[in-house]
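Peer 1: Need the 3D shape of this:
(chains A and B)
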Number of protein chains: 2
Amino acid sequence: MANTDPIDDIPQTRDRRKELLERDLMEKACALFASKGYGGTSLADIAQAVGLTRAAVYYYFKNKEAVLEAIVNEVTNAPLREIETWRSTAPDKPADRLRTFVEMRVRGVLSRQVQMRMIEVTEAALPEDLLARHTEAKRRILEEYRQIIRAGIHAGEFKPSDERITAFGIIGMVNWSVYWVNPDGRMDTGEIASQLAEMAVRSVSVDKSRVDMFTDPKTAIATLREDLEYLSNLIK
Amino acid sequence: MANTDPIDDIPQTRDRRKELLERDLMEKACALFASKGYGGTSLADIAQAVGLTRAAVYYYFKNKEAVLEAIVNEVTNAPLREIETWRSTAPDKPADRLRTFVEMRVRGVLSRQVQMRMIEVTEAALPEDLLARHTEAKRRILEEYRQIIRAGIHAGEFKPSDERITAFGIIGMVNWSVYWVNPDGRMDTGEIASQLAEMAVRSVSVDKSRVDMFTDPKTAIATLREDLEYLSNLIK
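Peer 2: Residues are numbered from 1 along each chain as shown, chains lettered A, B, ... in the order given. Presented below is the predicted three-dimensional model:
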């Protein structure tokens, strides 16, 4: 780092650089918290990982707690913002609603993979107010799932079930991706998101009855012809 | 504890008592590792939690590492034993195979809930050989899922898909239960297991085609009659 003094450049560049450095700092800190534990990591370790002096790090975060707080805030606020965005264009049909929601969630958790793993590991060490905010965000995500499932059951599209078990089954499918997807791997996030979304929709959908295939008289007659053909073969 | 000297009773009772105490010790240690972290827990903390002196704990485990090893061994070996038992009576039809496998797995992870959560949190602190054994057990469970899914796709019962994403989707559904099921709650483990198993099977199954409903000529004719009835109503 040629220049660690953040004062001597023009304001706009300074802001941009501050943002980039903060982000790098948070990512490196995350990885350290996840591997060495929150208690086992010092601000000096974080400074070393980003290649700054401790004094330079103090310019961004007053202590280790402040770094943790910034990370938790991001993992907590980002999904709620994403849900708001999704809601503004979400389709009405429950199956499509669930599909787009799961896709959005998988993309979301995979974009914050290191942070998610870290929080799971550090949850016991989180200060009370951060834990409360984190728990509240999780509750709101769960509530969104439950609403979609409830609407689907009500519309006769989804199989009646214990809505809470169903919601957590799908949440598990989504969140577990944080553990098995290799962040450095070349797997396509979009493919993972769409396959898991497809599985989620199938896992709750009612079987299509024969009657659903009769959309109009013409299709119905064509289907009946096929059936008669099949039946005559069956009798032979 | 009236009597902490393990020497002065008859061998059989002694063995039984040793086993019970070891189990209690492992459970309390697990809870401590999970809440305070492995590094943050001492053998003295464990002794205090079970109401023994440190000297008495030494009789069972020579140090903190030995306690951790006993716990990891259980979480690693128990599922492999359960899979062996399941295999001896597992049905052949892929959907039934998947259903019984998922049910067995959900019951399994929920019976080791505290241990599973603890291992997730301590994974970074696990000694190399324990971590290797743990990883190998997870690999074998994944392999079993993949085999079932592959057989189902091959038999035309399951929808063709990326077998690995599908396996991890179901594993996530199963393993996540460790995080949301309240261990002290009154939810029926059997109900959770059977609902998640049902979701898993649906998530991979192909849609039933009309032709599958034609099991024999008699059923086929009855179905066609219903269809004609429906069709005439549709035209009206």
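Peer 1: How about stretch A:173-186 and chain B, touching?
Peer 2: Yes. Contact of stretch A:173-186 with chain B (CB under 8 Å from any CB of the partner chain) involves A:173-177, A:179-180. All C-beta atoms are positioned from the backbone trio N, CA, C, and that covers glycine.
Peer 1: Which members of these are classed as buried?
Peer 2: Applying 16 or more other CB atoms under 10 Å in any protein chain shown to the residues of stretch A:173-186 next to chain B, the neighbour count classes A:173-177, A:180 as buried.
Peer 1: For these, work out which two are farthest apart.
Peer 2: A:Val174 and A:Trp180 (12.0 Å; CB to CB).
Peer 1: Could you pull out the strands in chain A for me?
Peer 2: With DSSP state E as the definition, chain A shows no strands.
Peer 1: Mind splitting chain A into its structural domains?
Peer 2: The record, using automatic domain parsing to delimit domains, assigns chain A the ranges A:65-205, A:207-236.
Peer 1: What is the burial count for A:Leu98?
Peer 2: Other residues near A:Leu98 come to 25 when the count uses other CB atoms under 10 Å in any protein chain shown.
Peer 1: mind checking pLDDT for it?
Peer 2: Looking at A:Leu98, its pLDDT reads 98.
Peer 1: Could you do A:Met173 as well?
Peer 2: At A:Met173, pLDDT is 98.
Peer 1: thought it was touching B:Thr166?
Peer 2: No. In this structure, A:Met173 is not within contact of B:Thr166 by CB atoms under 8 Å, at 10.2 Å.
Peer 1: For chain A, which helix or strand comes out least confident on mean pLDDT?
Peer 2: The helix or strand of chain A with the poorest confidence is helix A:217-235; it has a mean of 75 (mean pLDDT, DSSP states H and E).
Peer 1: which other helices and strands contact that one?
Peer 2: helix B:217-235 (3 or more CB pairs under 8 Å, 6 or more residues apart in numbering or on different chains; DSSP states H and E).
Peer 1: Measure how the helix it packs on sits relative to helix A:217-235, angle-wise.
Peer 2: If you take axes from the mean of the first three to the mean of the last three CA atoms, to 10 degrees, helix B:217-235 sits at 170 degrees to helix A:217-235.
Peer 1: Among the buried ones among the residues of stretch A:173-186 next to chain B, which ones are in helices?
Peer 2: A:173-175, A:177, A:180 (DSSP state H).
Peer 1: all helices for chain A, in order.
Peer 2: A:11-36, A:43-50, A:54-60, A:64-89, A:94-111, A:113-122, A:128-154, A:163-175, A:177-180, A:189-204, A:217-235.
Peer 1: Looking at those helices, which one is packed in the most?
Peer 2: helix A:163-175 (a mean of 24; mean count of other CB atoms under 10 Å in any protein chain shown).
Peer 1: check contacts around the residue lying closest to A:Met26 once chain neighbours are set aside.
Peer 2: With sequence-adjacent residues excluded and distances taken as CB to CB, 6 or more residues apart in numbering or on different chains, A:Met26 is closest to A:Ile71, at 5.4 Å. Residues near A:Ile71 by CB atoms under 8 Å, 6 or more residues apart in numbering or on different chains: A:26, A:29-30, A:33, A:115, A:118-119.
Peer 1: at 6 Å instead, please
Peer 2: Residues in contact with A:Ile71 (CB atoms under 6 Å, 6 or more residues apart in numbering or on different chains) are A:26, A:30, A:115.
Peer 1: From A:Asp184, how far off is it?
Peer 2: A:Ile71 sits 20 Å away from A:Asp184 when distances are taken as CB to CB, to the nearest Å.
Peer 1: who in chain A is up against chain B?
Peer 2: Within reach of chain B by CB under 6 Å from any CB of the partner chain, chain A has these residues: A:35, A:37, A:121, A:124, A:165, A:168-169, A:172-173, A:176, A:180, A:192, A:195-196, A:199, A:202-203, A:208, A:210-211, A:217, A:220, A:230-231, A:234-235.
Peer 1: How confident was the prediction at the closest residue to A:Leu130 other than its chain neighbours?
Peer 2: Closest residue to A:Leu130 in three dimensions, ignoring its sequence neighbours and counting by CB to CB, 6+ apart: A:Val72, at 4.7 Å. pLDDT recorded at A:Val72 is 89.
Peer 1: pLDDT below threshold where in chain A?
Peer 2: Where chain A drops to pLDDT under 70, the residues are A:1-12, A:208-215, A:236.
Peer 1: so how far is B:Lys62 from A:Glu27?
Peer 2: 40 Å.
Peer 1: ok so, going back, got TSV for the buried ones among the residues of stretch A:173-186 next to chain B, with distance to A:Arg81 too?
Peer 2: Shown next, in TSV, are those (distance: CB to CB, whole Å):
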residue	distance to A:Arg81
A:Met173	22
A:Val174	17
A:Asn175	18
A:Trp176	23
A:Ser177	20
A:Trp180	26
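Peer 1: Nearest to B:Glu22 among these?
Peer 2: For these, the nearest to B:Glu22 is A:Trp176 (31.7 Å; CB to CB).
Peer 1: so what's the nearest residue to the closest one once chain neighbours are set aside up against?
Peer 2: Once flanking residues are discounted, A:Trp176 sits nearest to B:Gly172: 2.6 Å by CB to CB, 6+ apart. Residues near B:Gly172 by CB under 6 Å, 6+ apart: A:172-173, A:176.
Peer 1: Throw the residues you listed into a markdown table and include distance to A:Asn77, thanks.
Peer 2: What follows is the contacts of B:Gly172, written out as a markdown table (distance: CB to CB, whole Å):
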| residue | distance to A:Asn77 |
| --- | --- |
| A:Gly172 | 23 |
| A:Met173 | 23 |
| A:Trp176 | 23 |
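Peer 1: who's in contact with the nearest residue to A:Arg99 once chain neighbours are set aside?
Peer 2: Once flanking residues are discounted, A:Arg99 sits nearest to A:Ala197: 4.6 Å by CB to CB, 6+ apart. By CB under 6 Å, 6+ apart, the contact set of A:Ala197 is A:99, A:102-103.
Peer 1: and which of the residues you listed is nearest to chain B?
Peer 2: A:Val102 (10.3 Å; CB to the nearest CB).
Peer 1: measure that closest one to B:Tyr60 for me?
Peer 2: Taking CB to CB, one finds A:Val102 at 47 Å from B:Tyr60.
Peer 1: cool, and A:Leu231?
Peer 2: 71 Å.
Peer 1: ditto for A:Tyr179
Peer 2: Distance from A:Tyr179 to B:Tyr60, by CB to CB: 33 Å.
Peer 1: now A:Arg150
Peer 2: 50 Å.
Peer 1: what do you get for A:Leu234?
Peer 2: Following CB to CB, the distance that separates A:Leu234 from B:Tyr60 is 69 Å.
Peer 1: now swap in A:Asn73 and tell me
Peer 2: 44 Å.
Peer 1: ok, now A:Tyr38?
Peer 2: 30 Å.
Peer 1: Over to A:Pro127?
Peer 2: 36 Å.
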